[in-house]
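*Asks:* Model the following, please.
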Amino acid sequence: MDLTLTPEETAFRDQVRDWLEANRPGPVPDGDEESRFEFTRAWQRTLHAAGWAGVSWPTEYGGRGASLLEAAIFSGEMARAKAPRPANVLGLVMGGPVVMAHGTEEQKERFLEPILSGEEIWCQGFSEPESGSDLASLKTRATKHDGGWRINGQKVWTTLAHVSKWCMLVARSDPGSSKHAGLTYFICDMEQAGIEVRPLIQITGEAEFNEVFFNDAWVPEENVIGGEGNGWMVAITTLMNERAGLGASAAVGLSNDLDALIELCNRRGCGGDVRIRDRIARLKIGIEALRLGSMRSLTAQIRTGIPGPEGSVAKLQWSSTNQALAELATEVLGPAGLERNGEWAYKMLRSRANSIEGGTTEVLKNIVAERVLGLPKLR
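*Replies:* Residues are numbered from 1 along each chain as shown. Sure thing, here's the model as predicted:
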């Protein structure tokens, strides 16, 4: 694996860097959640107008047609510039790629452009109260009815459900089937009477996650993705894109935070403390391992054309490193590190979710053991 950029890739990086320097919107402003969301939505419109919203999407679908490596360069430059994420990140990273991979031409025509522009926000209806990590045990039912499907059940931890137009919904369409069979993947309209969204207040005080209740919600037949009974296959595509999309910018974002932590240590007069220096060194090593591992996974994806299970390694490394970094920062600050409105206090509290979101640590360890290392299954 050669980590040296070609002249063309260097030129692409410089183009991205120059554009971000001229167009960066600044940090997301303080204020209520609605105003912060609309800020990131406006930023996505700016990205889209310049052709950067779906940088790796094919040009025929409104993207830039960049290679996987160029997409990784773009994500890294976004993180380096500390630019906010676009509002419709789930649609861009998961929804769009799934429609392109498994959708009909009519579905591509209908759904892809509003994802890019941020006009229609997407959420992910996978986890349920009793089947989060064990997705295949989900109980939400889909019943055929008059040219479509009626959906009944509950989803939980649904990010951005309260502002979404569409939900990537997996439901059991054949109740008599085995766990992985009999699932169907739907694009469900969130703006209907049969859906109730209840916010879940996090330890940070935010409510980006939600409970979603489906009571005879309606999905027309044309909004089935991948065909009836093929939901598990389509869901796996979604999850692989979710984890593959993490590695490209995670190391750069952590490096930014580590630089801020080092500056904090020096400012607080503990930069020479041997124990703190040792922990910073371990963080530095972990971030570099994440960067190199992500590049290795990207190389494999370029070769095969699909994200592999190695994305689970990046998710594990990012979770543990981000939590350790935030914890050290709050320790350095002492009592001030727990001030409610403090930047590091927020990061420390928010990082607790890293062990759960995008796949729990325990499940990801099993995936790495079985599908990456080839170890025997537990059962």
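*Asks:* so where is the stretch 51-200 of the chain shaky, pLDDT-wise?
*Replies:* For the stretch 51-200 of the chain, the stretches with pLDDT under 70 are 132-133.
*Asks:* Show me where it has its helices.
*Replies:* Taking DSSP state H, counting those that start in this stretch as the criterion, the stretch 51-200 of the chain contains helices spanning 68-80, 89-90, 96-102, 105-117.
*Asks:* Put together a markdown table for those helices, with distance to L135 and mean neighbour count on each row.
*Replies:* In short, each C-beta sits where N, CA and C put it, glycine included. As requested, the helices of the stretch 51-200 of the chain are exported to a markdown table (distance: least, C-beta to C-beta, whole Å; neighbours: other C-beta atoms under 10 Å):
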| stretch | distance to L135 | mean neighbour count |
| --- | --- | --- |
| helix 68-80 | 26 | 21 |
| helix 89-90 | 16 | 20 |
| helix 96-102 | 15 | 22 |
| helix 105-117 | 23 | 17 |
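*Asks:* What strand or helix carries T4?
*Replies:* Under the assignment given by DSSP states H and E, T4 is not contained in any helix or strand.
*Asks:* Residue numbering should commence at 750 henceforth.
*Replies:* Okay, residue one is now 750; in that scheme the one you just asked about reads as T753.
*Asks:* quick one: contacts for S922?
*Replies:* Applying C-beta atoms under 8 Å, 6 or more residues apart in numbering to S922 gives the contacts R890, A891, T892, K893, W898, G931, L932, T933, E977, G978, G980.
*Asks:* Just the buried ones among the residues you listed, please.
*Replies:* Among the contacts of S922, those scoring as buried are R890, A891, W898, G931, L932, T933, E977, G978, G980 (criterion: 16 or more other C-beta atoms under 10 Å).
*Asks:* Adding distance to R1016 as columns, could you present the residues you listed in TSV?
*Replies:* Converted to TSV, these look like this (distance: C-beta to C-beta, whole Å):
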residue	distance to R1016
R890	57
A891	56
W898	58
G931	58
L932	53
T933	55
E977	60
G978	59
G980	52
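*Asks:* Show me which of those residues is closest to L754.
*Replies:* The closest of the buried ones among the contacts of S922 to L754 turns out to be G980 (C-beta to C-beta; 39.5 Å).
*Asks:* Is the closest residue to that closest one other than its chain neighbours bridged to anything, and to what?
*Replies:* Once flanking residues are discounted, G980 sits nearest to L932: 3.4 Å by C-beta to C-beta, 6 or more residues apart in numbering. When assigned by DSSP bridges, L932 has beta-bridge partners R921.
*Asks:* in which helix or strand would I find W1093?
*Replies:* Assigned by DSSP H and E, W1093 belongs to helix 1092-1100.
*Asks:* What is whichever helix or strand comes after that helix packed up against?
*Replies:* Downstream of helix 1092-1100, the next assigned helix or strand under DSSP H and E is helix 1110-1116. Packing partners of helix 1110-1116 (3 or more C-beta pairs under 8 Å, 6 or more residues apart in numbering; DSSP states H and E): helix 1060-1082.
*Asks:* got the CA positions of the helix it packs on in CSV?
*Replies:* Output in CSV follows, covering the C-alpha atoms of helix 1060-1082 (Å, rounded to 0.1, in the frame of the first residue of the first chain):
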residue,chain,number,x,y,z
GLY,A,1060,-14.8,-0.9,8.9
SER,A,1061,-15.7,-2.4,12.3
VAL,A,1062,-12.0,-2.1,13.3
ALA,A,1063,-12.0,1.6,12.6
LYS,A,1064,-15.3,2.1,14.5
LEU,A,1065,-13.8,0.3,17.6
GLN,A,1066,-10.6,2.3,17.4
TRP,A,1067,-12.4,5.6,17.0
SER,A,1068,-14.7,4.9,19.9
SER,A,1069,-12.1,4.0,22.5
THR,A,1070,-9.6,6.7,21.4
ASN,A,1071,-12.2,9.5,21.4
GLN,A,1072,-13.5,8.5,24.8
ALA,A,1073,-9.9,8.3,26.3
LEU,A,1074,-9.1,11.7,24.8
ALA,A,1075,-12.2,13.4,26.2
GLU,A,1076,-11.6,11.8,29.6
LEU,A,1077,-8.0,13.0,29.8
ALA,A,1078,-9.1,16.6,28.8
THR,A,1079,-11.7,16.7,31.6
GLU,A,1080,-9.2,15.4,34.1
VAL,A,1081,-6.7,18.1,33.2
LEU,A,1082,-9.3,20.7,33.6
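*Asks:* I'd like the distance from the longest helix seen in the chain to the chain centre, please.
*Replies:* Counting residues, the longest helix found in the chain (DSSP state H) is helix 980-1016. Offset of helix 980-1016 from its chain centre (C-alpha atoms, centre = their mean, to the nearest Å): 9 Å.
*Asks:* Equivalent analysis for stretch 1079-1097, please.
*Replies:* Averaged C-alpha coordinates place stretch 1079-1097 at 25 Å from its chain's average position (C-alpha atoms, centre = their mean).
*Asks:* Can you give me the buried ones in that stretch?
*Replies:* T1079, V1081, L1082, G1086, G1091, W1093, A1094, Y1095, K1096, M1097.
*Asks:* And the furthest pair within those residues?
*Replies:* The most widely separated members of the buried residues of stretch 1079-1097 are V1081 and Y1095, with 15.6 Å between them, by C-beta to C-beta.
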